[in-house]
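Chemist: coords below, sequence missing:
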């Protein structure tokens, strides 16, 4: 990829895809850019769908990432409501479901991820919803206005965000989680316990280590969720929030290396140097963890990778090296995470969890791997800079709320 490609085609018009197109122009690229999206409307933000859009604080027309004229102004050909059916790597061209053939010099896959479904949900049932698109969010917002008993299947970020909104509206809310605590894949036991207690104080009930056996209907509408132990949870609205899977089928079908996402190198190139992958669909070598492959579902990661791939296409050989950042609003608890900790990393708590404002610093031996902050934005901002510069406060410093973490940024050298 030393020579600049004459044309770049981007598959996926979400946050990553649109940012890649915009960044190419921002970096001075003058070639042809085509952006292909499988939804009919303008590219839009997804995070508000489970937050401010669901509460009614943000309208549908405020979700758009760009207005329609932006594509013409930026000289970007936008192919909306088009689905790519195949990639021909030898001829460097795409086949669309509409029959159109689209050539490329370089291809960027930003195909994102999709919601996992429950195996027994083989046909639509009124009152059983998922949340991925604007249309999903509109249906869920309408249903929440009428619901009295809500069951959320999945205790991850999205499920808990919706649970907090439903509880605030006076609904009876029950969260079913297949493991022993909420957000187990993403956060520490200490933060998990505090978040669960926060939701329980708002009236949300939990079933842990629970498996959903089926959905019970009354006519064509849901009436209950049945658990494997025989328990029945009454419901007139069920949200299935059981995680996501990467959209890597296109990549696999054309012979690219795939394992929990499209595998890329440190410059976000796939096993074919004429194809890159970014965002939720990409499994990349995590620079902060010895290069182990990592796939992230994060807006910040999508934006950072999009910007990086644009620079890379224009000749920058710098490896991708950005601190991952995540955030979630859950009924007055703002959770912010910097870095990615592993299951066996140890924890140091900074502040009092009972106060609702504290942080958890995660360590592998003496190296800081991640920081989770609840209603402590200053800790979060310091953590992002510490992690990016490989600076690790001692456990004693992290545990002392009076210790000024910013001092380390000016007085210590990166490890």
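Modeler: Cool, got the structure. This one's a predicted model, so the numbers in the text were calculated from it and none came from an experiment. Residues are numbered from 1 along each chain as shown.

Chemist: And the strands in the stretch 1-150 of the chain?
Modeler: With DSSP state E, counting those that start in this stretch as the criterion, the stretch 1-150 of the chain has strands at 7-11, 32-36, 76-79, 84-88, 93-96, 101-103, 106-109, 113-115, 128-129, 149-153.

Chemist: likewise the stretch 201-350 of the chain?
Modeler: In chain order, the stretch 201-350 of the chain shows strands spanning 205-207, 212-218, 221-227, 232-234, 237-240, 244-246, 262-263, 275-277, 282-285, 293-294, 325-330, 333-339, 346-352, with DSSP E, counting those that start in this stretch as the criterion.

Chemist: Figure out which of the strands of the stretch 1-150 of the chain is closest to residue 250.
Modeler: Ranking the strands of the stretch 1-150 of the chain by their distance to residue 250 (criterion: C-beta to C-beta) puts strand 84-88 first, at 5.9 Å. Quick note: C-beta positions are derived from backbone N, CA and C, even for glycine.

Chemist: Please state the offset of the closest one from the chain centre?
Modeler: Averaging C-alpha positions (C-alpha atoms, centre = their mean, to the nearest Å) puts strand 84-88 25 Å from its chain's average.

Chemist: How about stretch 257-271?
Modeler: Centre-to-centre, stretch 257-271 and its host chain are 18 Å apart (C-alpha atoms, centre = their mean).

Chemist: list the buried ones in that stretch?
Modeler: Of all the residues in stretch 257-271, those buried under the rule 16 or more other C-beta atoms under 10 Å are 258, 261, 262, 263, 264, 266, 267, 268, 269, 270.

Chemist: Same question for stretch 177-192.
Modeler: Quick answer for stretch 177-192 (16+ other C-beta under 10 Å): 177, 178, 181, 182, 183, 184, 186, 187, 188, 190, 191, 192.

Chemist: Ok, stretch 117-128 next?
Modeler: Residues 118, 125, 127, 128 are the ones in stretch 117-128 that count as buried (16+ other C-beta under 10 Å).

Chemist: quick one: which of the residues you listed is nearest residue 294?
Modeler: Of all the buried residues of stretch 117-128, the one with the least separation from residue 294 (C-beta to C-beta) is residue 118, at 26.8 Å.

Chemist: Isn't the closest one up against residue 225?
Modeler: No - contact criterion C-beta atoms under 8 Å: residue 118 and residue 225 do not qualify, at 10.1 Å.

Chemist: shared neighbours of these two, anything?
Modeler: Residues touching both residue 118 and residue 225 (C-beta atoms under 8 Å, 6 or more residues apart in numbering): 153, 212, 215.

Chemist: Centre of the chain to the longest helix anywhere in the chain, how far?
Modeler: The helix of greatest length in the chain, counted in residues with DSSP state H as the criterion, is given as helix 299-313. Taking the mean C-alpha point of helix 299-313 and that of its whole chain, the gap between them comes to 15 Å (C-alpha atoms, centre = their mean).

Chemist: about what we covered before: could you identify which of the strands of the stretch 201-350 of the chain is most buried?
Modeler: Each of the strands of the stretch 201-350 of the chain was scored by mean neighbour count; the highest is strand 275-277, a mean of 28, by mean count of other C-beta atoms under 10 Å.

Chemist: that older thread, adding mean pLDDT and distance to residue 114, write the strands of the stretch 201-350 of the chain out as TSV.
Modeler: Formatted as TSV, the entries for these read as follows, by pLDDT from 0 to 100; distance: least, C-beta to C-beta, whole Å:
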stretch	mean pLDDT	distance to residue 114
strand 205-207	98	25
strand 212-218	91	19
strand 221-227	95	22
strand 232-234	97	26
strand 237-240	97	12
strand 244-246	96	6
strand 262-263	98	14
strand 275-277	98	16
strand 282-285	98	15
strand 293-294	96	19
strand 325-330	96	19
strand 333-339	97	23
strand 346-352	97	32
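
Chemist: Of all the ones you listed, which one comes closest to residue 304?
Modeler: Between residue 304 and the strands of the stretch 201-350 of the chain, the shortest separation by C-beta to C-beta is 8.7 Å, and it involves strand 325-330.

Chemist: re earlier: mind giving me the packing neighbours of the longest helix of the chain?
Modeler: Contacts of helix 299-313 with other secondary structure elements, assessed using 3 or more C-beta pairs under 8 Å, 6 or more residues apart in numbering; DSSP states H and E, are made with helix 15-26, strand 275-277, strand 325-330.

Chemist: Which two of the buried residues of stretch 177-192 have the greatest separation?
Modeler: Using C-beta to C-beta, the two most remote members of these are 178 and 190, lying 21.0 Å apart.

Chemist: quick one, which of the strands of the stretch 1-150 of the chain is packed in tightest?
Modeler: Per residue and on average, the most neighbours among the strands of the stretch 1-150 of the chain fall to strand 106-109, with a mean of 27 (mean count of other C-beta under 10 Å).

Chemist: what's the weakest-modelled helix or strand in the chain?
Modeler: helix 406-411 (a mean of 86; mean pLDDT, DSSP states H and E).

Chemist: Might you calculate how far that helix sits from the centre of the chain?
Modeler: Mean-position distance between helix 406-411 and its chain equals 31 Å (C-alpha atoms, centre = their mean).

Chemist: how close does the residue positioned nearest the centre of the chain get to residue 216?
Modeler: Central residue check for the chain by C-alpha atoms, centre = their mean: the C-alpha nearest the mean position is that of residue 297, 2.8 Å away. With distances taken as C-beta to C-beta, to the nearest Å, residue 297 is found 31 Å from residue 216.
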